[in-house]
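Participant: sequence first, predicted coordinates after that:
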Amino acid sequence: MFKKQQSGFTLIELIIVIIILGILSVVAAPKFLNLSTDANIAVLEGLGGSIQSASALVYAKANIKNLANQSVSNLDINNDGTNDVATIFGYPSADRGAGIANVLDLADNWLYGDGRNHTQFHITSSSFSPTRKSGETNNNIQITSPGCYLTYTPSTIIGIAPTISYTTTGC
């Protein structure tokens, strides 16, 4: 009778291949699947979209009240007789006490502050763990690079919308 010759991989060869694939996945997968960085950037971009929408709504209200061409003004958004938002050419200013922060509903999980002379407004998430200086609170921080934050720069010219830039080196 004839003997059948079996062909295939031995158990040891299969185990070696599985070990090599395991080592490759441990080393290579984190480089391809950096999901936390992508998620943090997406959070900032979502907040940036909210800021752009809020700024456009404030500008529309300022335009109705004939305040869009004034370099500095105050706007009553909800018609309660109190000026709610400081504006620059109709858009919210960068002042953390009276500008864009008053338009946004920033909960305790957001950290923010205005730059020197209220020329920029920085926002980051408290979950991004920025380094704080002594005395800084959630609504009065100075964010430095590298970081994961967005910067709102108010309008400086009539008819030009504010800009939003993203610093994502520390996300």
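Facilitator: It's in. Note that the coordinates shown come from a computational prediction; the quantities given were computed from them, not determined experimentally. Residues are numbered from 1 along each chain as shown.

Participant: buried sites along stretch 46-55?
Facilitator: For stretch 46-55, the neighbour count (16 or more other C-beta atoms under 10 Å) marks Leu47, Gly48, Ile51, Ala54, Ser55 as buried. The C-beta positions use only the backbone N, C-alpha and C, and glycine is treated the same way.

Participant: closest to Ser126 among those?
Facilitator: Nearest to Ser126 among those is Leu47, at 13.0 Å by C-beta to C-beta.

Participant: could you check how far Asp105 is from Ile51?
Facilitator: Look at Asp105 and Ile51: by C-beta to C-beta, to the nearest Å, they are 12 Å apart.

Participant: would you turn the buried residues of stretch 46-55 into CSV with secondary structure, pLDDT and distance to Tyr152?
Facilitator: Formatted as CSV, the buried residues of stretch 46-55 follow (DSSP: H, G, I helix; E, B strand; the rest coil; pLDDT from 0 to 100; distance: C-beta to C-beta, whole Å):
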residue, secondary structure, pLDDT, distance to Tyr152
Leu47, helix, 91, 10
Gly48, helix, 94, 8
Ile51, helix, 93, 6
Ala54, helix, 92, 10
Ser55, helix, 94, 8
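
Participant: okay if I get those as JSON lines plus distance to Phe128?
Facilitator: Putting the buried residues of stretch 46-55 into JSON lines (distance: C-beta to C-beta, whole Å) gives the following:
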{"residue": "Leu47", "distance to Phe128": "12"}
{"residue": "Gly48", "distance to Phe128": "15"}
{"residue": "Ile51", "distance to Phe128": "17"}
{"residue": "Ala54", "distance to Phe128": "21"}
{"residue": "Ser55", "distance to Phe128": "23"}
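
Participant: farthest-separated two in those?
Facilitator: Using C-beta to C-beta, the pair of the buried residues of stretch 46-55 lying farthest apart is Leu47 and Ser55, separated by 12.4 Å.
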